[in-house]
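Trainee: With the input below, show me the fold.
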Amino acid sequence: MPATPVRRLLPAAALAAVTALVLAACAGPSTDADGEVGDELVWSIEGANLSAGHMDPQVSQLDVSGMVQRAVLDSLVFQEEDGSFSPWLATEWEVSDDSTEYTFTLRDDVTFTDGEPFDAEAVKANFDRIVDPKTKSAQAASMMGADFYEGTEVVDEHTVKVTFTQPYAPFLQAASTPQLGFYSPAVLKESAAKLKAGGPGVTVGTGPFELTEYTPDQELVYTRNDDYAWGPHGEKAPSFQTLRVEIQPEAAVRSGVVRSSEADLASDIPPNLVEELGDGVTVDSVEYPGLPYSLYLNEKYGVFADEKVRQAFARGIDIDAAVEEIYFGQFPRAWSILGSTTPGYDAALEGTWPYDQDAANALLDEAGWTERDADGIRMKDGARLSVRWIAWTPVPDDQAALANAIQSDLKAIGFEVQREVLEPGAYNAQYEPKTFDLTDWGFSGVDADFLRNHLHSEGFQNASQVTDPQIDALLEQAVSSSDQDTRNALYAQLQEWNATYTAIVPLYSPSAITAVGERVNGLQYDLYGRPLFYDVTLG
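Mentor: Residues are numbered from 1 along each chain as shown. A predicted model of the protein is given here:
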């Protein structure tokens, strides 16, 4: 599903600045003895946290893990642009009427790159590993149904049945993702503990490429799987030999290497650099489905226990102006906890809680924060109206600018926001015991069941610490219904509830922006905007 190209001219001054960064930071595509570009595609990514134990999509919650390891990990089914599913490693499937049993007929001609056969035993080994508490998977285990997962039965060599204790409608969508992709059974038996760190001989799948080199924080090198013949639409081995993934956290470097032809494509381009990419570079933008980039207000820790304070916080931020200015009109302001491209999105919420400092001030007055200190910050019973926002490093420049705008808007109504940018270990030390007031992230997902992780009292991403039996019930009804209209109605109730309750403050719906150089032809994307290389040829 290629996106519409956008072409821009790079100003000379910007080109000079970017080129300086590029020359200092990276090397270009390989060349042969005659100086000609070799049979290699160079892909620049942000990738800063891959080395922190995020090389395994079955365990990691980071999108980048699934994005790069899709080159290695195939799935049972493939989700098309219209949301339907096509055969992949499974040639066909049957779903019981109550959505508790999924029976897959598998291809009989697939092998892992270590020579192990792909069969029903391999499916069972991977699925059982994901839900095993020892694996410490969160996202993938949730996608497997977590406590709903009853087991995987090997019916015969190429038939497997996955059973749940209750109806579990999202499973086909989950089965299309790299989080539920397949490792070699030999790896799971001998090297499972090494998968988080990843590397050659460990990250072994059935995919179109094999991971042959890995230098943490620098690059991953994938080599073509010449035997590959089972792509989601019958694709065979890629036309080029090597996929070299350069890890370059600086956005200016990523855009610069594409502009200078030192890389063939770059992911995670921020909107402010789109104008600077230059003629000959195609810009593909795919809006993420899922939960928009949002702020999560912890109601069990400090002042956010008061609903009026949470509501004032949301109404006191000029989200429209900040998003327009920082993202150059590329990302839409979000009104709901579902992005506008996500099935079940409630468009009726648009415009229902605009920026209104008068309303925010009135809410804080009602909540008793009526005094002010010398800095203009509101006071109550001798305490300042102050919250602590923890953020996971590295923080992109655009999100830092957005945070500054939020702090400024809230200070104008006497609401202090102190922001701490933390390394992963320090962040987790506060996140796990929930000793913070707010934090931030976006979450990509096609099925709105991801809200169960964020709002259910037992959800592993419930940073707001919502504990409401009625909300739990809505989420449980939605995951167990096999009727999409019923599910959409339930998710509409959840979106409307949050718009008032304000557990989560949605800010904007990001897009995956990819800059593509002139050599690349036939590049496509999955529903998350992640590059797919099956049909790529290099000019």
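
Trainee: Just the element for Val324, please.
Mentor: Heads up, residue 324 is Glu, not Val. Assigned by DSSP states H and E, Glu324 falls within helix 319-327.

Trainee: buried sites along that helix?
Mentor: For helix 319-327, burial by neighbour count (16 or more other CB atoms under 10 Å) applies to Ile319, Ala322, Val323, Glu324, Ile326, Tyr327. The way it works is simple: take the backbone N, C-alpha and C, and place the C-beta from them, glycine included.

Trainee: before we move on, what about stretch 341-353?
Mentor: So, applying 16+ other CB under 10 Å, buried residues of stretch 341-353: Thr341, Thr342, Gly344, Tyr345, Asp346, Leu349, Trp353.

Trainee: Give me the three-state assignment for the first one.
Mentor: To tie it back to what came earlier, the one meant is Thr341. Here Thr341 is recorded as coil under DSSP: H, G, I helix; E, B strand; the rest coil.

Trainee: Contacts only, for it.
Mentor: Glu287, Tyr288, Pro289, Ser509 (CB atoms under 8 Å, 6 or more residues apart in numbering).

Trainee: From Val283, how far out is the nearest residue to Ser96 once chain neighbours are set aside?
Mentor: Using CB to CB, 6 or more residues apart in numbering and skipping the chain neighbours, the partner closest in space to Ser96 is Tyr102 (7.7 Å). Tyr102 sits 39 Å away from Val283, taking CB to CB, to the nearest Å as the criterion.

Trainee: looking at it, Ala192 is touching Ile130, isn't it?
Mentor: No: the pair Ala192 / Ile130 is not scored as a contact, 11.1 Å apart, by CB atoms under 8 Å.

Trainee: The two: who's more crowded?
Mentor: Each of Ala192 and Ile130 has its neighbours counted (other CB atoms under 10 Å); Ile130 has more, 21 against 18.

Trainee: how about the nearest residue to Phe443, chain neighbours excluded?
Mentor: Leaving aside its sequence neighbours, Phe443 sits nearest to Leu291 (CB to CB, 6+ apart; 4.2 Å).

Trainee: check contacts around the residue nearest to Pro232 when sequence neighbours are not counted.
Mentor: Among residues not flanking Pro232 along the chain, Phe78 sits closest, at 3.5 Å (CB to CB, 6+ apart). Listed by CB under 8 Å, 6+ apart, the contact partners of Phe78 are Phe85, Ser86, Pro87, Trp88, Ser176, Pro232, His233.

Trainee: ok, now with 7 Å
Mentor: Shown in contact with Phe78 (CB atoms under 7 Å, 6 or more residues apart in numbering): Phe85, Ser86, Trp88, Ser176, Pro232.

Trainee: So for the closest residue to the fourth one other than its chain neighbours, what's the pLDDT?
Mentor: Read it as Ser176. Counting by CB to CB, 6+ apart, Ser176 lies nearest to Gln79, which is 4.2 Å off, once chain neighbours are set aside. Note for Gln79: predicted pLDDT of 94.

Trainee: May I have the phi/psi pair for Gln79?
Mentor: Note on Gln79: backbone dihedrals following degrees, to the nearest 10 are phi -90, psi 130.

Trainee: Tell me who's in contact with the residue lying closest to Gly83 once chain neighbours are set aside.
Mentor: Nearest residue to Gly83, sequence neighbours excluded (CB to CB, 6+ apart): Pro343, at 6.8 Å. By CB under 7 Å, 6+ apart, the contact list for Pro343 reads Gly83, Ala448, Asn488.

Trainee: how far away is Pro185 from Glu420?
Mentor: Applying CB to CB to Pro185 and Glu420 gives a distance of 43 Å.

Trainee: These two - which one has more neighbours?
Mentor: Each of Pro185 and Glu420 has its neighbours counted (other CB under 10 Å); Pro185 has more, 22 against 13.

Trainee: Can you tell me what sits against stretch 374-381?
Mentor: Around stretch 374-381, the neighbours that count as contacts under CB under 7 Å, 6+ apart are Leu364, Gly368, Trp369, Glu371, Arg372, Asp373, Arg384, Leu385, Ser386, Gly414, Phe415, Glu416.

Trainee: and stretch 522-539, which residues are buried?
Mentor: Buried positions in stretch 522-539, judged by neighbour count with 16+ other CB under 10 Å: 523-534, 536, 538.

Trainee: same check, this time on stretch 449-467
Mentor: 449-456, 459-466.

Trainee: How far does that stretch sit from its chain's centre?
Mentor: 17 Å (CA atoms, centre = their mean, to the nearest Å).

Trainee: domain ranges for the chain?
Mentor: The chain breaks down by automatic domain parsing into domains covering 1-35+248-288+511-539, 47-240, 290-509.
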